[in-house]
Structures are given as C-alpha cells and as structure tokens.
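1. my questions are about this predicted structure, shown below with the sequence.
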Amino acid sequence: MATTATGLTFRDAADADVDELVALIESAYRGESSRAGWTTEADLLQGQRTDPEGVREVIASPDSRLLTVERDGRIVACCQLEHRGQYAYFGMFAVSPVLQGAGLGKTVIAEAERQARETWGATEMHMTVISVREELIAWYERRGYRRTGRMTPFPYGDERFGIPQRADLRFELLVKPLV
C-alpha cells in the first residue's frame, strides 16, 4: 500500500471491497449516475458492466491485480492489471463520475503503468476499448497509447457485458510502450 502526496492510497483490492468496487464501476459506465462523468457508456450499452463474480475473479487470479485507489477512506478509482508475459493488460478502469475531469484518471493510469513495468518488467501496456468511443480513445492517445486497428467482436448475447444499443460495437486494441 502506498499513499501519494495527493492524498491517494494505492493498494490491491480485497474480497471485502467487492461490493464497493462493483458500485464504482457501474456508476462510471452505466445508468444515470454515469452521466455525471464523461466516460459513460449509457447510450451504447444498458444492463451491467460487471458483477461481483467478475470482480472476485480478478482479485483471485494469480496473474492479475485489481489496483484500488482510495481518498479519505473511500474507493474513488480502480483498474485491473494482468501480467501477460512481455506486456500487461489494463482493464476495468473506473473513476468516480463526480471526480472525472480533475486529473485523477491520469494519475491512476500513470501509477498502473509504473507498477506493471516495475513489478513484472512489462515493456508494453495493452487495452481494448469499444471502437466507437472516439473521445475516450483520444484521451488514451494523449497518454501515449496508439490505435492498432486490431479488432475483436463485442460479445453480443452475453448480458454479463451489457445489453448493446447498437449493432456496430467491437473492441480495438490500444498499445503503449512502457520502456
């Protein structure tokens, strides 16, 4: 566990955090509460973004960490880091909608990149983003990520990932060198 000069505490998630983490992730992406921030997917997807089982799987996986960010004892952000050989996968990124736009996301992603590099020796960070999320992709590009044009299909019909409101959803791989 490390506390920064900004008053943020970074630590690995524990089982006791599952409900609070699910609520954070849901609030950042789905439903009316997500509209307070700019990362909402509410117009693209309805239903759930994650569930307690999915969060527990990330916490329990030996090659994965759910980096949890606290301020004043409250979880305000999180992200998944998964060790995949020479690269790390970045996912399940959520910042409380009421705190978006103030630089917290930049701080979290920079710490995630640092930890992937120092803990696992990762030379790249990979992530997938819904390809129609141009504003979000542009935000990642400003952080040094590049579009690869490599697409994977959205899991239509699997409501664990939400209920699509469009027929053209797919994921694009973004990559950033960490060295």
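-> Done, it's in. Numbering: from 1, shown residues only.

2. and the lengthiest strand in the chain, what does it pack against?
-> Longest strand of the chain, by residue count under DSSP state E: strand 74-84. On a contact count with 3 or more CB pairs under 8 Å, 6 or more residues apart in numbering; DSSP states H and E, strand 74-84 meets helix 18-29, strand 64-71, strand 87-95, helix 104-120. All C-beta atoms are positioned from the backbone trio N, CA, C, and that covers glycine.

3. chain center to the next helix or strand along the chain from the longest one, what's the gap?
-> Put plainly, it is helix 104-120. Where DSSP states H and E defines the elements, the next helix or strand beyond helix 104-120 is strand 124-130. Its chain's average C-alpha position is 10 Å from that of strand 124-130, according to CA atoms, centre = their mean, to the nearest Å.

4. can you tell me the closest non-neighbouring residue to residue 169?
-> residue 154 (3.9 Å; CB to CB, 6 or more residues apart in numbering).

5. correct me, but that neighbour touches residue 164?
-> Yes: with contact defined as CB atoms under 8 Å, residue 154 and residue 164 form a contacting pair (6.5 Å).

6. below-threshold pLDDT in this protein: ranges please.
-> Across the chain, the ranges flagged by pLDDT under 70 are 1-5, 30-42, 45, 47-48.

7. find the centremost residue of it, please.
-> residue 93 (1.5 Å; CA atoms, centre = their mean).

8. which non-adjacent residue is nearest that residue?
-> Per CB to CB, 6+ apart, closest to residue 93 is residue 79, 4.3 Å.

9. can you name the residues bridging to that neighbour?
-> Taking DSSP bridges as the rule, residue 79 bridges to residue 67.

10. tally of neighbours for it?
-> 22 (other CB atoms under 10 Å).

11. quick one: residues contacting residue 91.
-> 79, 80, 82, 127, 128 (CB atoms under 8 Å, 6 or more residues apart in numbering).

12. can you check residue 90 too?
-> Contacts of residue 90 (CB under 8 Å, 6+ apart): 79, 80, 81, 109, 112, 116, 125, 126, 127.

13. and those residues as TSV, adding distance to residue 160?
-> Output for the contacts of residue 90, formatted as TSV (distance: CB to CB, whole Å):
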residue	distance to residue 160
79	19
80	15
81	21
109	25
112	24
116	26
125	24
126	21
127	19
